[in-house]
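> Let me see the structure of the following:
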Amino acid sequence: MKVLHVITGLEVGGAAQQLRLLLRRLPAHCEVVTLTRPGPLAEAIEADGTRVTHLDMTGNRDLSVLPRLAGLIRAADPDLVHTHLYRACVYGRIAARMAGVRAVVATEHSLGDAVIEGRRLTRGVRTLYRATERLGSATVAVSDTVAARLRRWGVPARRIHVVPNGIEAHRFAYDPAARAALRARLGLPPDAFVVGGAGRLVPGKRFDVLVRAITQLPGIHLLLAGDGPERELLQRMAGQFGSGDRIHLLGAYGGADGPVPGDGPDIPRMLSAIDVFVSPSPDQAFGLATLEALASGLHVLYGSCPAVDDLPDDQAPGAHRFGHGVHELATALRELRRTEPGRLPVPPVVRRYDIDRSAQQLMAVYEEARDAARRARPAAKLTAPPVGPPPQGLPPGFTLPDPSPAPAPDGHSLSKR
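As a prediction, the model looks like this:
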């Protein structure tokens, strides 16, 4: 099978990391197209042997990308187009129809209750999403929680397939030598109680809650891996509370075996070096960072994690939800420090979310979509629209407004890890 993946960008984030892991395992010939921001993962994916094409989209309303993307799809002649992230799903479904490709699968990576990819959900966003969703064959939800949200939006249940995210669990196994080495590198006492976090430093992840909680806990250190527009704000916050020497912003994570090549500490080593992991985001679609921490045998405090919440409690006994506030988090961390819980056995939830299993499930969705397309009449091709009027064949009343969600209050793009 020949599959063309279309993704909005390939900066370090959960969707891009999942795509890279899947590309290594899918028994299909794959190529990747990124609309904007090829990012560091583009080089990593190409190093793995998969071709990446960048369309250099100039803005949210750059409708010239439609004929260019349609032409690329037509030239590639794939059996199936797979789109990832909101903007790529909107443009990719339309372009695939323009190119005459009927088998189109879209993965919904980042749909929250009130946000999509970290941005506010509006009526216009929902309308555009649902209108273009009808042009595809199937929508993949990364969790049961996301599937339920899609059904509430009006996406027919028969079109929704749950294929959870997956990890390479062995990469996150606890390593005492890595723990000692990273602590020595950062000048941390061997017996220090260290809290960790990881992700894009953006408002939606609420790392400000984590930093403020640490400032209230003398003697506790924080290792925060990741980069983003809130880095300087978090650094200033730590300094203002006199905790700058205990709060360590590690920068973008890297490492030869990590998500991307880089000089920063990779996530598995950081997880080995800490005692408790915190994921403060209140609105997640899956919760990859929490799952990776559980694979390292850590106790985890989280604000939202469908990967855990969708399962019985005994699947992740070391994971505990807190109430999003600074006081609640500080109280939970203070209690964990007092009890010194140590490392836990890897819980059953980790085995459930194996990336090889996810790849197998996704291939089953591909095959069903391809076979259905072959049985159906040939897809009616859409023509490239001028700015304004809708393309021929789209749902009645459909127009092409800004194909990205409404900006968040701070104006930043928030669709990361």
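> quick one: low-confidence ranges for the stretch 201-350 of the chain?
In the predicted model of the stretch 201-350 of the chain, residues 253-265 satisfy pLDDT under 70.
> What ranges does it have for its helices?
207-215, 231-240, 267-273, 288-295, 306-309, 326-339, 348-352 (DSSP state H, counting those that start in this stretch).
> hey, which of those helices is tucked in deepest?
Compared across the helices of the stretch 201-350 of the chain, helix 288-295 shows the largest average neighbour count, a mean of 28 (mean count of other Cβ atoms under 10 Å). In this view, the C-beta of every residue, glycine as well, is placed from N, C-alpha and C.
> contact partners of that helix?
With contacts defined as Cβ atoms under 8 Å, 6 or more residues apart in numbering, helix 288-295 is touched by 14, 17-18, 165, 167, 169, 172-173, 196-199, 267-268, 271, 277, 279, 300, 302, 305, 307-308, 316, 318-319, 346-347, 349-350, 353, 417.
> okay, it in PDB with CA atoms only?
Taking Å, rounded to 0.1, in the frame of the first residue of the first chain, the C-alpha atoms of helix 288-295 are listed here in PDB:
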ATOM      1  CA  LEU A 288       1.800  10.700  26.100                       C
ATOM      2  CA  ALA A 289       4.100  12.400  28.600                       C
ATOM      3  CA  THR A 290       2.300  10.800  31.500                       C
ATOM      4  CA  LEU A 291       2.500   7.400  29.800                       C
ATOM      5  CA  GLU A 292       6.200   7.700  29.200                       C
ATOM      6  CA  ALA A 293       6.700   8.600  32.900                       C
ATOM      7  CA  LEU A 294       4.700   5.600  34.000                       C
ATOM      8  CA  ALA A 295       7.000   3.400  31.800                       C
END
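> can you give me how far it is from the chain middle?
Centroid separation for helix 288-295 versus its chain: 13 Å, with Cα atoms, centre = their mean, to the nearest Å.
> Okay, strands next: where are they in the stretch 1-150 of the chain?
Using DSSP state E, counting those that start in this stretch, the strands of the stretch 1-150 of the chain run over 2-7, 29-34, 52-54, 80-84, 104-108, 115-116, 119-120, 138-141.
> what about the second one, distance to the chain center?
Read that as strand 29-34. From the chain centre to the centre of strand 29-34 is a distance of 18 Å (Cα atoms, centre = their mean).
> between that strand and strand 2-7, how many degrees?
Per axes from the mean of the first three to the mean of the last three Cα atoms, to 10 degrees, the angle that strand 29-34 makes with strand 2-7 is 20 degrees.
> elements contacting strand 29-34?
Under the contact definition 3 or more Cβ pairs under 8 Å, 6 or more residues apart in numbering; DSSP states H and E, strand 29-34 sits against strand 2-7, helix 14-23, helix 39-47, strand 52-54, helix 65-76.
> who wins for proximity to residue 186 among the ones you listed?
With Cβ to Cβ as the measure, helix 39-47 is the member of the helices and strands packed on strand 29-34 nearest residue 186 (23.1 Å).
> Now do that closest one against strand 2-7, angle only.
If you take the same axes, to 10 degrees, helix 39-47 sits at 170 degrees to strand 2-7.
> just the CA coordinates of helix 39-47, formatted as CSV?
What follows is helix 39-47 as a C-alpha-only set of coordinates in CSV (Å, rounded to 0.1, in the frame of the first residue of the first chain):
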residue,chain,number,x,y,z
GLY,A,39,10.8,21.6,12.0
PRO,A,40,13.5,19.4,13.4
LEU,A,41,11.5,16.2,13.1
ALA,A,42,11.5,16.6,9.3
GLU,A,43,15.2,15.9,9.2
ALA,A,44,14.8,13.0,11.6
ILE,A,45,12.1,11.4,9.5
GLU,A,46,14.2,11.8,6.3
ALA,A,47,17.1,10.3,8.1
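> Show me what that helix is packed against.
Packed against helix 39-47 by the contact rule (3+ Cβ pairs under 8 Å, 6+ apart) you find helix 14-23, strand 29-34, strand 52-54.
> So, low pLDDT: which residues of the stretch 51-200 of the chain?
In the stretch 51-200 of the chain (pLDDT under 70), the answer is 117-119.
> Cool, thanks, talk later.
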